[in-house]
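> predicted model, plus sequence, below.
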Amino acid sequence: MSEEREHLHLPDYDEFSATIDVLMLHISTSLLHGMMCGYLCAGADSHGEAYLRALLNNKKDEASRNAVLAMFSVFSISQQQINTMDFEFEMMLPDDEESLLVRAQAFSEWCEGFTQALTLSGISANQFHEEETQDAFQHLIEFAELDCDTLDVDEEDERALMEVSEYARMAVLRLHSDLVMNEKERGGHTGITH
């Protein structure tokens, strides 16, 4: 069981970024992972897979194949983390050694990708039953619009970023749980086309 859990951890941010650089995606690693997780949270796994395939642009060389394998591996790991809802869910963000500005920008981009994918999957705030979940969705939208230029590089902003990142991580699980309950109550159909 412990060996299985080891496979559920995302690769290092910088290593993954270097692996997929060959694809020249023109989006950040964090935004890409946010998109993956948004599709997964919405239960639109096939949309997420189609999105990843569209990014590939028919590249068939070995480096591109390795990048594709890395992307689908991250997609699969995130799928397992979201679906098991055991609080092991991870967001693909830079390490703490990076500057506060870099980490805040990546966090904001992750939230942007996540909320975009939910929206593209037909999910809006009114589809969540619980008011707290609706609020969490709205907060993620606000985090996507974070003005990183106003950040001070101090302990207070460092702590604030850590807190909103943890809040966002838990919000993803809350949103997914609410959507799953919603689907069960409707007899297995959320209105999302797979």
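Good, I have the coordinates. Worth saying up front: this structure is predicted, and the values here are computed from it rather than measured.

> from here on, contacts and neighbour counts on C-alpha atoms
OK.

> all helices of this protein, in order?
All helices of the chain, identified by DSSP state H, fall at 2-6, 13-20, 29-41, 45-56, 62-84, 100-120, 131-144, 155-185.

> how about those in a markdown table, adding mean pLDDT, mean neighbour count and distance to residue 91?
Formatted as a markdown table, the helices of the chain follow (pLDDT from 0 to 100; neighbours: other CA atoms under 10 Å; distance: least, CA to CA, whole Å):
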| stretch | mean pLDDT | mean neighbour count | distance to residue 91 |
| --- | --- | --- | --- |
| helix 2-6 | 46 | 8 | 16 |
| helix 13-20 | 96 | 15 | 10 |
| helix 29-41 | 96 | 27 | 7 |
| helix 45-56 | 86 | 16 | 16 |
| helix 62-84 | 92 | 18 | 9 |
| helix 100-120 | 96 | 23 | 8 |
| helix 131-144 | 95 | 18 | 13 |
| helix 155-185 | 90 | 17 | 7 |
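
> redo those helices as TSV? Include distance to residue 93.
Output for those, formatted as TSV (distance: least, CA to CA, whole Å):
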stretch	distance to residue 93
helix 2-6	19
helix 13-20	6
helix 29-41	6
helix 45-56	19
helix 62-84	13
helix 100-120	6
helix 131-144	14
helix 155-185	10
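
> for residue 118, give me its contacts.
With contact taken as CA atoms under 8 Å, 6 or more residues apart in numbering, residue 118 is in contact with 38, 39, 41, 42, 124.

> let's see it at 10 Å
Listed by CA atoms under 10 Å, 6 or more residues apart in numbering, the contact partners of residue 118 are 34-44, 124-125, 137.

> nearest to residue 104, of those?
residue 34 (14.1 Å; CA to CA).

> for that closest one, give its distance to residue 137.
Plainly put, residue 34 is 14 Å away from residue 137 if you go by CA to CA, to the nearest Å.
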